[in-house]
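S.K.: can you look at this prediction? I've put the sequence above it.
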Amino acid sequence: MKLTSRAAVTAGTAAVIALALAPTAEANWSSSISAASVSFESRRWSDELYSQVKFTGCTTDGPKSTDVQMWRDISLQPDDSYDNKTFTACFDGGTSNGEWTDLGSGMKNVYFKIMKIGGSTFGPQLSVNSVSVDTTKADG
(Lines give C-alpha, C1' and ligand atoms only; values in the text may rest on other atoms or scores of the structure.)
Protein backbone atom coordinates (compact mmCIF):
# COMPACT_ATOMS: atom_id res chain seq x y z
CA MET A 1 0.00 0.00 0.00
CA LYS A 2 1.39 3.42 -0.93
CA LEU A 3 2.17 5.86 1.86
CA THR A 4 -0.48 8.32 0.61
CA SER A 5 -3.12 5.57 0.46
CA ARG A 6 -2.20 4.40 3.96
CA ALA A 7 -2.46 7.99 5.26
CA ALA A 8 -5.86 8.44 3.62
CA VAL A 9 -7.16 5.21 5.14
CA THR A 10 -5.81 6.21 8.57
CA ALA A 11 -7.37 9.68 8.37
CA GLY A 12 -10.72 8.28 7.20
CA THR A 13 -10.71 5.68 9.95
CA ALA A 14 -9.92 8.34 12.56
CA ALA A 15 -12.86 10.46 11.35
CA VAL A 16 -15.23 7.51 11.63
CA ILE A 17 -13.98 6.55 15.08
CA ALA A 18 -14.28 10.13 16.37
CA LEU A 19 -17.99 10.41 15.59
CA ALA A 20 -18.81 6.75 16.23
CA LEU A 21 -17.60 7.08 19.81
CA ALA A 22 -19.59 10.25 20.41
CA PRO A 23 -22.52 9.85 22.82
CA THR A 24 -26.05 9.49 21.51
CA ALA A 25 -27.69 12.89 21.25
CA GLU A 26 -31.35 13.24 22.12
CA ALA A 27 -32.12 16.14 19.80
CA ASN A 28 -30.21 18.92 18.06
CA TRP A 29 -26.43 18.82 17.74
CA SER A 30 -23.54 20.33 15.79
CA SER A 31 -20.18 18.94 14.78
CA SER A 32 -17.75 18.75 11.86
CA ILE A 33 -16.36 16.04 9.60
CA SER A 34 -12.69 15.66 8.72
CA ALA A 35 -11.41 13.46 5.86
CA ALA A 36 -14.36 11.04 5.84
CA SER A 37 -14.75 8.35 3.22
CA VAL A 38 -17.89 6.82 1.71
CA SER A 39 -19.82 4.79 4.32
CA PHE A 40 -19.01 7.34 7.06
CA GLU A 41 -21.75 7.21 9.71
CA SER A 42 -22.70 10.10 11.98
CA ARG A 43 -23.40 9.75 15.65
CA ARG A 44 -26.91 8.57 16.61
CA TRP A 45 -29.82 10.65 17.88
CA SER A 46 -33.50 10.13 18.73
CA ASP A 47 -36.38 11.55 16.72
CA GLU A 48 -39.81 10.62 15.45
CA LEU A 49 -41.18 12.95 12.83
CA TYR A 50 -38.50 15.17 11.36
CA SER A 51 -34.75 15.50 11.04
CA GLN A 52 -32.86 18.17 9.12
CA VAL A 53 -29.16 17.80 8.31
CA LYS A 54 -27.14 20.84 7.17
CA PHE A 55 -23.59 20.88 5.80
CA THR A 56 -21.68 24.18 5.50
CA GLY A 57 -18.14 24.51 4.14
CA CYS A 58 -17.61 21.24 2.28
CA THR A 59 -14.33 20.29 0.64
CA THR A 60 -13.28 17.17 -1.23
CA ASP A 61 -10.47 15.94 -3.42
CA GLY A 62 -13.01 14.87 -6.05
CA PRO A 63 -16.04 16.37 -7.83
CA LYS A 64 -18.09 18.70 -5.63
CA SER A 65 -21.08 16.70 -4.39
CA THR A 66 -21.95 14.24 -1.68
CA ASP A 67 -24.93 11.93 -1.21
CA VAL A 68 -26.34 11.76 2.32
CA GLN A 69 -28.87 9.13 3.40
CA MET A 70 -30.84 8.84 6.65
CA TRP A 71 -30.83 5.49 8.49
CA ARG A 72 -32.27 3.91 11.64
CA ASP A 73 -29.93 1.65 13.59
CA ILE A 74 -31.76 -1.57 14.52
CA SER A 75 -30.01 -3.97 16.90
CA LEU A 76 -29.28 -7.43 15.49
CA GLN A 77 -31.07 -6.62 12.19
CA PRO A 78 -30.29 -4.74 9.00
CA ASP A 79 -30.78 -0.99 9.45
CA ASP A 80 -33.76 0.79 7.83
CA SER A 81 -32.86 3.36 5.16
CA TYR A 82 -34.72 6.50 4.09
CA ASP A 83 -34.35 8.95 1.19
CA ASN A 84 -30.97 9.90 -0.23
CA LYS A 85 -30.18 13.62 -0.71
CA THR A 86 -27.40 15.06 -2.89
CA PHE A 87 -25.60 18.02 -1.32
CA THR A 88 -23.81 20.48 -3.64
CA ALA A 89 -24.36 24.04 -2.31
CA CYS A 90 -21.97 23.50 0.63
CA PHE A 91 -19.07 23.26 -1.84
CA ASP A 92 -19.75 26.74 -3.24
CA GLY A 93 -19.87 28.77 -0.01
CA GLY A 94 -23.50 27.97 0.80
CA THR A 95 -25.29 25.49 3.00
CA SER A 96 -26.69 22.18 1.79
CA ASN A 97 -29.86 21.04 3.50
CA GLY A 98 -31.62 17.69 3.66
CA GLU A 99 -34.95 17.13 5.41
CA TRP A 100 -36.50 13.78 6.29
CA THR A 101 -40.09 13.48 7.59
CA ASP A 102 -42.31 10.66 8.87
CA LEU A 103 -39.41 8.73 10.33
CA GLY A 104 -41.77 6.53 12.36
CA SER A 105 -43.00 6.36 15.91
CA GLY A 106 -40.47 6.05 18.72
CA MET A 107 -37.46 6.37 16.42
CA LYS A 108 -34.19 5.97 18.25
CA ASN A 109 -30.66 5.66 16.92
CA VAL A 110 -31.25 7.70 13.76
CA TYR A 111 -28.08 8.59 11.84
CA PHE A 112 -26.92 9.78 8.44
CA LYS A 113 -24.45 8.02 6.22
CA ILE A 114 -22.28 9.34 3.38
CA MET A 115 -23.26 7.20 0.39
CA LYS A 116 -21.21 8.87 -2.37
CA ILE A 117 -18.60 11.59 -2.66
CA GLY A 118 -18.32 13.24 -6.06
CA GLY A 119 -20.64 10.59 -7.52
CA SER A 120 -18.27 7.79 -6.50
CA THR A 121 -18.63 5.04 -3.91
CA PHE A 122 -14.85 4.92 -3.35
CA GLY A 123 -11.83 7.19 -3.52
CA PRO A 124 -12.52 10.82 -2.63
CA GLN A 125 -12.70 12.07 0.96
CA LEU A 126 -15.02 14.70 2.43
CA SER A 127 -14.49 17.37 5.07
CA VAL A 128 -17.31 19.59 6.37
CA ASN A 129 -16.63 22.68 8.53
CA SER A 130 -20.10 22.65 10.12
CA VAL A 131 -22.60 19.80 10.40
CA SER A 132 -25.86 20.48 12.21
CA VAL A 133 -28.86 18.31 12.98
CA ASP A 134 -32.21 19.90 13.86
CA THR A 135 -35.13 17.76 14.98
CA THR A 136 -37.56 20.48 16.11
CA LYS A 137 -39.46 21.77 13.04
CA ALA A 138 -42.22 19.16 12.89
CA ASP A 139 -42.00 17.83 16.43
CA GLY A 140 -42.96 20.96 18.34
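M.R.: That came through fine.

S.K.: where exactly do the helices run in the protein?
M.R.: Counting by DSSP state H, the chain has helices at residues 3-20.

S.K.: list the neighbouring strands of the longest strand anywhere in the chain plus their orientation.
M.R.: In the chain, taking DSSP state E as the definition, the longest strand is strand 50-60. Based on DSSP bridges, the pairing partners of strand 50-60 within the sheet are strand 95-101 (antiparallel), strand 126-134 (antiparallel).

S.K.: nearest to S30, of these?
M.R.: strand 126-134 (4.6 Å; Cβ to Cβ). Glycine gets a C-beta too; all of them are placed from N, C-alpha and C.

S.K.: buried residues, that closest one. List them.
M.R.: Residues of strand 126-134 classed as buried by neighbour count (16 or more other Cβ atoms under 10 Å): L126, S127, V128, V131, S132, V133, D134.
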